[in-house]
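**Q** Sequence plus the predicted model coming up.
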Amino acid sequence: MSVIEIVGGALIMLVCVVICLLILAQEGTRGGGIAAITGNEPDSFYNKNPGRTRGKMLYNATRFFAIVLFLVALGVNAVIIYL
């Protein structure tokens, strides 16, 4: 294993842990998945303040780190293949 593979693997593991912590920090839905899909949930995302709430910031951070994880995984695999 090269140094790039080790560093890339460690970075992927770190991003995965961050994503897990962000997901655990988010609030769950009270009505379950079906209520959120059908719109029967009284406390939906659109009824809340769409500004800079804690839930919105956690959502944005989770989405950002998911994209980072995807790009790092692609990058590490590309380096392994082409080097």
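**A** Received, thanks.
**Q** Only C-alpha atoms from now on, for both contacts and neighbour counts.
**A** Will do.
**Q** Now do the helices for the chain: every range, in order, please.
**A** With helices called from DSSP state H, the chain shows them at 3-25, 32-38, 54-82.
**Q** Compare these and say which comes out lowest on pLDDT.
**A** Lowest mean pLDDT within these: helix 32-38, at a mean of 53.
**Q** for the spatially most central residue of the chain, what are its contacts?
**A** Nearest to the mean C-alpha position of the chain, counting by CA atoms, centre = their mean, stands Thr62 at 3.1 Å. By CA atoms under 8 Å, 6 or more residues apart in numbering, the contact set of Thr62 is 19, 22-23.
**Q** List buried residues within those residues.
**A** The neighbour-count test (16 or more other CA atoms under 10 Å) marks 19, 22 as buried among the contacts of Thr62.
**Q** Closest one to Leu74 out of the contacts of Thr62, please.
**A** Nearest to Leu74, judged by CA to CA, of the contacts of Thr62 is Ile19 at 17.5 Å.
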